[in-house]
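*Asks:* Give me a 3D structure for the following:
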Amino acid sequence: MSREATAERSVLVGAPPADMSQSLVDEHLEELGRLADTAGAEVVGVVVQRLRSPNASTYIGRGKIEQIKRLMAESDATLAIFDEELSPAQGSNLESALGARVIDRTELILDIFALRARTSEAKLQVELAQLYYMRPRLKRMWTHLSRIAGGIGARGPGEQQIETDRRLIDRRIARLGRQLEQISRSRGTQRKSRDEQFKVALVGYTNAGKSSILKALTGSDVFIEDRLFATLDSATRVCDLGQGIQVLMTDTVGFIRKLPHHLVASFRATLEEVVEADLLLHVIDASSPSWEEQREAVEDVLREAGAGDRPTMLVLNKIDRLTHAEEAAIRDRGDGMLAPHVFSSVIEEAGLDDLKDALRGAVRATLETVRVTVPAADGRTLAEAYREGEVLDQEVVSGNVVFTARVPFAVAGKWRLTADVVVEATDAA
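*Replies:* Numbers count the residues shown, from 1 in each chain. From the prediction side, this is the model:
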């Protein structure tokens, strides 16, 4: 059976602030439609009401509710998807008024994450976020079940059963928390083994092209799809930038505007890769009309995750989709707006050269250039220089090996404390 034949018919509902521009309203609803498509729903209608302030009981006004109800009946829709986050009471009241299921943007995103989770860690993280969302909404969730079951004995959710379920959820939340804490400790141990390597984390709005950049730079086989939240699992690969410089590059889960708070909290173990990176590459889809708003949404999530102060380079990606005039307009914004930044494309030949140059510069800024003299029998120090940095020259002088190398400050500091190793600062390029 085809996906279209089984897709649930849905109506999108937007309730933007009265002062939001029409172009931004359209952008938000287009994104909501893409989210619905990713979740497997067929969008059959859109309803918008601009609000100065939400209705406390139903978020939107009674007239719009009647309009949505008529549209759903005419189009055989069974689901209304709201772009705004609804309180448990608002969701329940809307379902009673519409006589149909209602979900908000948060629940839709959680559903997509559950659909996309592949590893056991991602599944645990998504389940935890879903449980946090579900707990205060158990009565409405039970109403969904009673509608499906129908008949005598299934007409009401049963307060006693709801309280039992809340206790079960609380125990499950605690168990998931302990499991994720173990994963976090394991990740910490893995990161310690990579402390002397330069670590780069790719962050950005969902579908900005992070995985494509990782694949192009490392040649690794990573999952890529032109859909929102194509992958939820972080992937770390060795990236050879040439000129003797390598970095560890990690692709992370994509962000989105109005990303559920519980989802950010649940993915804390994954986001620790971001918090402890030496450099964040904030990948931006420069071809998107709302790239600046998307940039702000990502920065909000980074601050919430505790990575707001990490060194960051903006990567304005997909420039192959821009006209020369559009690209020039972005470049003319100036360094004051976008510094430090580079333009990139995985489609154009040499489209990642500027990014590679910038990464090499970032790595070199963390290295110290030293002139080192070691006994010829000391192969370990020279091997470490090749492994951890870049050896610029090497010669044998009076039974000693003398070499010039760029290495991390910590490595040079360790050598200075080692007997039989002479380390001198140098201005060599």
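*Asks:* What are the boundaries of the strands in the stretch 101-250 of the chain?
*Replies:* With strands called from DSSP state E, counting those that start in this stretch, the stretch 101-250 of the chain shows them at 101-104, 199-204, 235-242, 245-251.
*Asks:* Mean pLDDT for the ones you listed - can I get that in a markdown table?
*Replies:* Putting the strands of the stretch 101-250 of the chain into a markdown table (pLDDT from 0 to 100) gives the following:
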| stretch | mean pLDDT |
| --- | --- |
| strand 101-104 | 94 |
| strand 199-204 | 92 |
| strand 235-242 | 87 |
| strand 245-251 | 88 |
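*Asks:* Name the surrounding residues that touch the host helix or strand of residue 356.
*Replies:* Per DSSP states H and E: residue 356 is located in helix 353-364. With CB atoms under 8 Å, 6 or more residues apart in numbering as the test, helix 353-364 has contacts from 198, 200, 213, 217, 239, 241-243, 245, 247, 278-279, 281, 311, 313, 315, 340, 342-344, 406. For glycine as for every other residue, the C-beta is placed from the backbone atoms N, C-alpha and C.
*Asks:* average pLDDT across it?
*Replies:* For helix 353-364, mean pLDDT is 93.
*Asks:* Filter the contacts of helix 353-364 down to the buried ones.
*Replies:* 198, 200, 213, 217, 239, 241, 245, 247, 278-279, 281, 313, 315, 342-344, 406 (16 or more other CB atoms under 10 Å).
*Asks:* for the chain, what's the longest helix?
*Replies:* Longest helix of the chain, by residue count under DSSP state H: helix 159-192.
*Asks:* OK, contacts around residue 380?
*Replies:* Listed by CB under 8 Å, 6+ apart, residue 380 has no contact partners.
*Asks:* do the one 10 residues further on as well
*Replies:* With CB under 8 Å, 6+ apart as the criterion, the residues that contact residue 390 are 243, 244, 245, 367, 405, 406, 407.
*Asks:* Out of the residues you listed, show me where the pLDDT dips lowest.
*Replies:* Confidence by pLDDT is poorest for residue 244 among the contacts of residue 390, given 76.
*Asks:* Backbone dihedrals for it, both of them.
*Replies:* Main-chain dihedrals, residue 244, degrees, to the nearest 10: phi 80, psi 10.
*Asks:* and the gap between it and residue 386?
*Replies:* From residue 244 across to residue 386, the span is 8 Å (CB to CB, to the nearest Å).
*Asks:* low-confidence ranges in the stretch 1-150 of the chain?
*Replies:* Scanning the stretch 1-150 of the chain for pLDDT under 70 picks out 1-6, 139-150.
*Asks:* repeat that with 50
*Replies:* Applying pLDDT under 50 to the stretch 1-150 of the chain flags the ranges 1-5, 144-150.
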